[in-house]
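Undergrad: Please work out how this folds:
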Amino acid sequence: MKTIKFSDKESWLEARKTKITGSRLKDIVVKRGTGQKIGYYELIAERLALPGTNQDPMERGLELEAEAIERFVKETGKKVDTSLVIWMRDDNESIAISPDGFIGTTEAVEVKCLASARHIEALLTGELPTEYEMQAYQYFIVNDKLKTLYFCFYDPRLSVKDFFFKTIKRSEVQEKIDEYLEYQKKILAEVNTIVNQLSF
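TA: Model prediction:
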């Protein structure tokens, strides 16, 4: 066993990066299922990424959104409208989405600038992070004409694969679209009933 001494906390924290430590082991070991846990992707990210910032993730995402859409335009040749809009369903304006970009009414672009580990996880698995699945469905739920959603991932801190996108087709998620549209209609009807009851 080797022992390395440190005179300050900053260098100690830096030395812990890229290593499986006792506090990190729980984020590495898979007890059920076959997928990797986030600690696995953090190890990869630490070896590939530039030092991160303490910036708020939402603020960072808004700041980098335009760059990500520029990359999408460059790679696809598509002309993306980035006007600040809200789309609402024709039959229920309470069901809505704010697209990051759109190409007419049949294609849309959503951008995520995630932590490096999450970015790499999405890249290696080819899957949307679970927390964004509903958001992807909502695009199709709101816009009946939408055929394709380009879900873009951008992390300029990475020296490789800093940008990629997943193409989602309506035909691939139609069952979920139908399910969650009905769910939203049901919830909104319940909310309206309660509001009406409380208003009198």
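Undergrad: other SSEs contacting the biggest helix by length in the chain?
TA: Longest helix of the chain, by residue count under DSSP state H: helix 170-199. Here helix 170-199 touches helix 133-142, going by 3 or more Cβ pairs under 8 Å, 6 or more residues apart in numbering; DSSP states H and E. Every residue, glycine included, has its C-beta placed from N, CA and C.
Undergrad: Next SSE downstream of the lowest-mean-pLDDT helix or strand in the chain?
TA: Among the helices and strands of the chain, helix 38-48 carries the lowest confidence by mean pLDDT, DSSP states H and E, at a mean of 68. Next along the chain after helix 38-48, taking DSSP states H and E as the criterion, comes helix 57-76.
Undergrad: Extract the CA atoms of that following helix and return them as CSV.
TA: Backbone C-alpha positions of helix 57-76 (Å, rounded to 0.1, in the frame of the first residue of the first chain) are rendered in CSV as follows:
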residue,chain,number,x,y,z
PRO,A,57,-26.7,23.8,-14.3
MET,A,58,-29.8,25.6,-15.6
GLU,A,59,-27.9,28.8,-16.0
ARG,A,60,-25.1,26.9,-17.8
GLY,A,61,-27.6,25.2,-20.1
LEU,A,62,-29.2,28.5,-21.1
GLU,A,63,-25.8,30.0,-21.7
LEU,A,64,-24.6,27.1,-24.0
GLU,A,65,-27.9,26.5,-25.8
ALA,A,66,-27.2,28.7,-28.7
GLU,A,67,-23.7,27.1,-29.2
ALA,A,68,-25.3,23.6,-29.1
ILE,A,69,-27.9,24.6,-31.7
GLU,A,70,-25.2,26.1,-33.9
ARG,A,71,-23.4,22.7,-33.8
PHE,A,72,-26.6,20.9,-34.7
VAL,A,73,-27.1,23.3,-37.7
LYS,A,74,-23.5,22.7,-38.8
GLU,A,75,-23.8,18.9,-38.6
THR,A,76,-27.3,18.6,-40.2
